[in-house]
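Asks: structure for the following, please:
(2 chains)
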Amino acid sequence: MHFGPHLLLAALEGLVTSAVLALTALGLSLVFGVMRVVNVAHGEFFMLGAVLAWALSTAISGHPALGFVAALVIAPLIVGAVALVAERMVLRRLNYNPEATIVATIGMLYIIQQLALTFYGPEARPVEPPFSYRILLPWFGYSGYKLSVVAASALLLVATWLVLTRTKVGLLMRATQYDSETAQAFGIPVDRVYGGVFALGAMLAAIAAVLIVPISQAHYLMGQDPLLLSFIVVIIGGLGSLRGTLVAAVLIGLSDGIISMFFSPTLAKIIATLVVAMVLVFRPQGLFGTASR
Amino acid sequence: MSDKNGFFDLSKTTLSRRTALKGLAAGAGLAVAPGFVRYSQAQSSAPVKIGFQSHRTGIGAAYGRWYEKTSAAAVKAINDAGGINGRQVELVIEDDGTDPARGAEVVGKFATQHKTDIVFGTLFSHVVIGSAPAAGENKIPYFVVSEGHHVASTKLNRYVFQPGITDVKSQIQSMAPWIAANAGKKVTQIFPDFAFGYDHRDYLPPALKAQGADVIAQIAIPPTESSFTKYFPQIPAETEVIYHVMVGPAVLTFVKELGEFYGSSRPQLFGFMDSLEATDINSPGLEFLDGSHFWEGSPRYAQADDSPAQKAYRAAVGIDDNGAAVGDAKDVSTASHMFGCWETLYVVKKAMEDAGYKGPEDRAKLVEATEALKEFAEGPEHPQGPKTFNGKIHQCFGIQNISKVEGGKLKVVHKTKIEDGLYEAEGDYTTQAL
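Replies: Numbers count the residues shown, from 1 in each chain, chains lettered A, B, ... in the order given. From the prediction side, this is the model:
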């Protein structure tokens, strides 16, 4: 294959990775930014979204798009509810202590993963894409669904940004992120904001998973890679910075696609991890983060 | 009533605290220590304990579940027919997480804690290679169902056997003539980047060369990879056959993305069933596999000429004519590999009976009795087909199936002969000390 088409394919693959990564990492970044909680179980909410998408799409017969749309609406709601319960029953009782919540979310990671193994099983199960249009380029074919994932993800990111900057809920979140004590003094129900943010973070991961599951199947171990990549993105972009998360996701996604296609996937991971190390050394607050007060 | 002899007079008793404790200790010692009663019991009726190293979690979990089902069915059949040497068989299952380090720990646990008679059942080659030294150190026979060439390479040790499933080198050698004659002469290989994949990487090129065909590119993919499109540009345009063998949970994605990449203008495809084990070949996105060929150890779909033994085996394990669990069409089995568990357990039975096996002290005798085996006839104990066994390299040899995807099913179009897969032994385990 010639260089041009090769690069195009690499860029397309990178864009799909970026799109899904941006949504997942945004959830992680929100939770950290507002609650100062490092949610190690974030990848498992992603997995839960995919598994539920499988369950819903198999339960609903008829055109595959019906099941998919149902999954896109219902799966994130269920995952959000699970996250809310976990937040109320575990994180809140730990007073959001940073060290304790890390350990607690590691525990949640294993519990969710093993429950999925017990009730869903070890198989990778496919979900039919809502449409299977194959874009025929002169050099290779490409899945039309994959491109629609990029578009859907972009829309969702814009929607999240609008919620955060243009609505009252977003204002409450930003106020809590800026200074939770003062926010509380001004009558903002910080406790409820925390619950909502944790649920929202998990829902974003679940939506990303529903989008990706027709491309790569639902499997009980699928949460590990997104978790690692999300951490990389969030550290590079700056914890709690929406813009930073987005830029870093595109950067990591594209470089992963291009480097792994022209060199090797292992090299792509090596470089991403090296960038994280460099960022931590030279700019610990991340590219767009603000130094902690 | 009077107490003339003072039996009930406590003041006269000679039972001091010290003697009481001594008595208690002696009694406890009799009950716990190497009691003769328990020992003779073990020889007569205590069950033969088989430690089953299972991939319950990790990337091998789908295989692990079906390996357990098949082994449970075989153990039930053996027990119903009177067990081994009149003793019932009991499986002790430990999860190895499809991880070599944990695999070695599990073997150690079987040997020292569960005190099982043998260890059995491992599939993934890196786990076998990681666990084999532990089996050698503990001098516990280790019967794997792994398919890799590592056992037959004689690079492991005398306690490791693979009597129930053929190895990759033999499989490739017996199928290469068919590939070169029917699929094409310019072959690109896609394989997982670990031990099992390396067997394919190393043995396919010479086997094809002997048939006048060439491997023109080799693409290694990490076993935990979840997206594959990025590897496909490495496939040279002049490729006539893509030879694919993938393992792990992402196999379906692999085949689907290959379909999206090529569409209908694809090269010929020859795959190892490993690429689709536990996966429905009628899953969305797999339509493009229609007309392609697969290696199958034991056919997933019931064939018109199935032997009565094959039918009985399928019924005992609980798979329907499509190779899925009876009652759950979505629960597709790992038919190409799991028959090896059934056959291996019957080899263990035969070897234990030949050795007059009584307990762990006879493990060395069991090793020698297994090495003395030569042939396994096709039948209820070996439903996949007849096999020969080479005691020097601890490996069996058998027939292979090449199946074509037709109308959403796999139909066997070619069966190889045992002789096609024989090769020169690379060493001799029997020269190693027991």
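
Asks: next one: phi and psi at A:R166?
Replies: Main-chain dihedrals, A:R166, degrees, to the nearest 10: phi -120, psi 0.

Asks: try B:E94
Replies: Dihedral angles for B:E94 - degrees, to the nearest 10 - are phi -130, psi 140.

Asks: my read: it touches B:F52, true?
Replies: Yes: contact criterion C-beta atoms under 8 Å: B:E94 and B:F52 qualify, at 7.2 Å. Using the backbone N, CA and C atoms, a C-beta is placed for each residue, glycine as well.

Asks: do you know how far B:A335 is from A:G80?
Replies: 40 Å (C-beta to C-beta, to the nearest Å).

Asks: who has more neighbours, B:E94 and B:F52?
Replies: Neighbours were tallied for B:E94 and for B:F52 using other C-beta atoms under 10 Å in any protein chain shown; the higher tally belongs to B:F52 (28 against 21).

Asks: surely the more buried one is within a strand?
Replies: Yes: according to DSSP: H, G, I helix; E, B strand; the rest coil, B:F52 belongs to a strand.

Asks: in contact with the residue in chain A that chain B sits nearest to, which residues?
Replies: Relative to chain B, the nearest point of chain A is A:P122 (2.8 Å; C-beta to the nearest C-beta). A:P122 makes contacts with A:220, B:56-57, B:61-62, B:64-65, B:249, as judged by C-beta atoms under 8 Å, 6 or more residues apart in numbering or on different chains.

Asks: over to B:W178?
Replies: Counted by C-beta under 8 Å, 6+ apart, B:W178 has contacts B:402, B:414, B:416.

Asks: quick one: what helix or strand has the closest residue to B:P163 other than its chain neighbours in it?
Replies: Excluding the flanking residues, the one nearest B:P163 by C-beta to C-beta, 6 or more residues apart in numbering or on different chains is B:V347, at 4.2 Å. B:V347 is part of helix B:335-355 when elements are defined by DSSP states H and E.

Asks: which parts of that helix are buried?
Replies: By neighbour count on 16 or more other C-beta atoms under 10 Å in any protein chain shown, the buried set for helix B:335-355 is B:335-352, B:355.

Asks: same question for stretch A:190-197.
Replies: For stretch A:190-197, burial by neighbour count (16+ other C-beta under 10 Å) applies to A:190, A:193-197.

Asks: count the neighbours of A:E181 for me.
Replies: Count around A:E181 with other C-beta under 10 Å applied: 9.

Asks: so, low pLDDT: which residues of chain B?
Replies: Applying pLDDT under 70 to chain B picks out residues B:1-44.

Asks: buried ones in the host helix or strand of A:G244, by neighbour count?
Replies: Using DSSP H and E, A:G244 maps to helix A:242-262. The neighbour-count check on helix A:242-262 (16+ other C-beta under 10 Å) flags A:242, A:244-261 as buried.

Asks: same question for stretch B:278-287.
Replies: Of all the residues in stretch B:278-287, those buried under the rule 16+ other C-beta under 10 Å are B:278-281, B:283, B:285-286.

Asks: ok, and which of these reach chain A?
Replies: Among the buried residues of stretch B:278-287, proximity to chain A is found for B:278-279, B:283, B:285 (C-beta under 8 Å from any C-beta of the partner chain).

Asks: which other helices and strands contact the helix holding B:V347?
Replies: The helices and strands touching helix B:335-355, judged by 3 or more C-beta pairs under 8 Å, 6 or more residues apart in numbering or on different chains; DSSP states H and E, are strand B:48-54, helix B:61-80, strand B:118-120, strand B:142-143, strand B:293-296, helix B:308-317, helix B:363-371, strand B:375-376.

Asks: switch to 6 Å and redo it
Replies: On a contact count with 3 or more C-beta pairs under 6 Å, 6 or more residues apart in numbering or on different chains; DSSP states H and E, helix B:335-355 meets helix B:61-80, helix B:363-371.

Asks: gap between the last one and the chain center?
Replies: Averaging C-alpha coordinates over helix B:363-371 and over its chain gives two centres that are 19 Å apart (C-alpha atoms, centre = their mean, to the nearest Å).

Asks: what's it packed up against?
Replies: In terms of contacts (3+ C-beta pairs under 6 Å, 6+ apart), helix B:363-371 is packed against helix B:335-355.

Asks: quick one on the thing from earlier: which among the helices and strands packed on helix B:335-355 is found nearest to B:E378?
Replies: helix B:61-80 (16.2 Å; C-beta to C-beta).

Asks: right, is that closest one up against chain A?
Replies: Yes: Helix B:61-80 reaches chain A (C-beta under 6 Å from any C-beta of the partner chain) through B:61-62, B:65.

Asks: surely A:S260 is in contact with A:A268?
Replies: Yes: at 4.2 Å, A:S260 counts as touching A:A268 under the criterion of C-beta atoms under 6 Å.

Asks: confirm A:M173 sits in a helix?
Replies: Yes: counting by three-state DSSP, one finds A:M173 located in a helix.

Asks: how close does the closest residue to B:F261 other than its chain neighbours sit to A:Y142?
Replies: Excluding the flanking residues, the one nearest B:F261 by C-beta to C-beta, 6+ apart is B:F232, at 4.7 Å. Computed as C-beta to C-beta, the B:F232 to A:Y142 distance reads 11 Å.
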